[in-house]
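Engineer: All I have is the shape, not the residue letters:
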Ligand SMILES: NC(=O)C1=CN([C@@H]2O[C@H](COP(=O)(O)OP(=O)(O)OC[C@H]3O[C@@H](n4cnc5c(N)ncnc54)[C@H](OP(=O)(O)O)[C@@H]3O)[C@@H](O)[C@H]2O)[C@@H](O)CC1
Ligand SMILES: Nc1ncnc2c1ncn2[C@@H]1O[C@H](COP(=O)(O)OP(=O)(O)O)[C@@H](O)[C@H]1O
């Protein structure tokens, strides 16, 4: 039986903060905490499980020229245990996805009318990987913003949110420091010098859960602020964020609550990156190389 996760008051903090630790210091997702989260939320599946139990998950992205981002997010979702996984993408992108990963259901989206039935079917939406900032995305954004679905908003989805900061149903935002700066209307330097304040402010403005990515990614839901000490600079490589958003979506599709899905995804992602870097070095790491390591981490040994 999994142990109950520690409360904010009694978890292990960064030892460098121990003297004069504030209640608001981030909680580290250290090895022990990672194992607890994994055992609690990645229990073996029921023997009679079916794919409908873990989806459908819908990725919205893949504008012309950006098929890779949508593919990385959607394939990560599949490889992380999502059930039926659809991609609502530009017509030019759909055939690329079909050819590359037949397990995905790529749907050509020309207009809002094409997107509505996909949204109606989806349990979880990951909006933004390769969405682009052009007309195709501009005409879809209001429909995405209105959709009453659990949404992970990433990449260009965050750009559209910054331009249209009205209430959006997004529940997990995944900005890198550049996207966070844009959402806050400040500079990257200002975000990086006060990352905890930045993630709290973003959460206060937009609600839900905010992941501020980068070395020592932070996860905040307004009450909890957790920090991931794992990860490495080899992960500063294109598409690594798309892998994370697909992973968050997959955990949500498998029934994890918002904060736990976000925190566990961040920890799994960083630990997978560390495993790959340990095996072959940081330089030259590809985002898709995380998949085998992620799969191992997603299937922890039962106690
Ligand atoms: N294979 C594919 O199809 C891929 C497609 N992709 C898709 O492309 C689309 C646009 O994504 P993108 O990467 O061009 O824009 P984005 O990340 O916003 O960078 C813009 C500027 O922001 C800054 N900045 C960035 N990171 C930062 C950081 N950590 N910390 C601080 N600043 C940071 C930096 O500005 P600078 O510092 O240079 O002034 C940078 O020049 C999007 O849909 C995405 O999903 C990608 O996922 C890759 C794989
Ligand atoms: N130096 C680093 N240390 C730890 N993690 C990193 C580092 N650089 C990048 N990452 C991680 O890699 C991912 C990069 O995401 P992002 O910047 O959105 O990339 P992309 O837009 O190319 O997909 C984030 O999860 C981030 O935390």
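Structural biologist: Arrived safely. From a predicted model like this one, the values you see are computed outputs, not experimental measurements. Residues are numbered from 1 along each chain as shown. Ligands and ions are numbered 1, 2, ... in the order given.

Engineer: so where is the protein shaky, pLDDT-wise?
Structural biologist: Scanning the chain for pLDDT under 70 picks out 1-23, 302-303.

Engineer: From residue 145, how far out is the spatially most central residue of it?
Structural biologist: Note on the chain: the residue nearest the mean C-alpha position is residue 245, at 2.7 Å, using Cα atoms, centre = their mean. Computed with Cβ to Cβ, to the nearest Å, the distance linking residue 245 and residue 145 is 17 Å. The way it works is simple: take the backbone N, C-alpha and C, and place the C-beta from them, glycine included.

Engineer: isn't residue 63 right up against residue 137?
Structural biologist: Yes - using Cβ atoms under 8 Å, residue 63 is in contact with residue 137, at 6.0 Å.

Engineer: what's the burial count for the residue of the chain found nearest ligand 2?
Structural biologist: Residue of the chain nearest ligand 2, by Cβ to the nearest ligand atom: residue 241 (2.1 Å). Residue 241 is flanked by 25 other residues according to other Cβ atoms under 10 Å.

Engineer: Surely it touches residue 212?
Structural biologist: No - using Cβ under 8 Å as the test, residue 241 is too far from residue 212 to be in contact (11.9 Å).

Engineer: Stretch 216-225 and ligand 2, are they touching?
Structural biologist: Yes - contact between stretch 216-225 and ligand 2, assessed by Cβ under 6 Å from any ligand atom, occurs at residue 217.

Engineer: Any idea how far apart the tips of that stretch sit?
Structural biologist: The first and last residues of stretch 216-225 sit 12 Å apart, counting by Cα to Cα, to the nearest Å.

Engineer: got a list of contacts for it?
Structural biologist: 8, 24-27, 195-196, 199-200, 202-204, 207-212, 226-229, 231, 258-259, 262-263, 266, 270 (Cβ atoms under 8 Å, 6 or more residues apart in numbering).

Engineer: quick one on the thing from earlier: and for residue 63 and residue 137, which residues touch both?
Structural biologist: Common contact partners of residue 63 and residue 137 (Cβ under 8 Å, 6+ apart): residue 131.

Engineer: now the strands: where do they sit in the stretch 101-250 of the chain?
Structural biologist: Ranges of strands in the stretch 101-250 of the chain, per DSSP state E, counting those that start in this stretch, are 105-108, 124-127, 150-153, 170-173, 209-212, 218-220, 225-227.

Engineer: Perfect, I'm done here.
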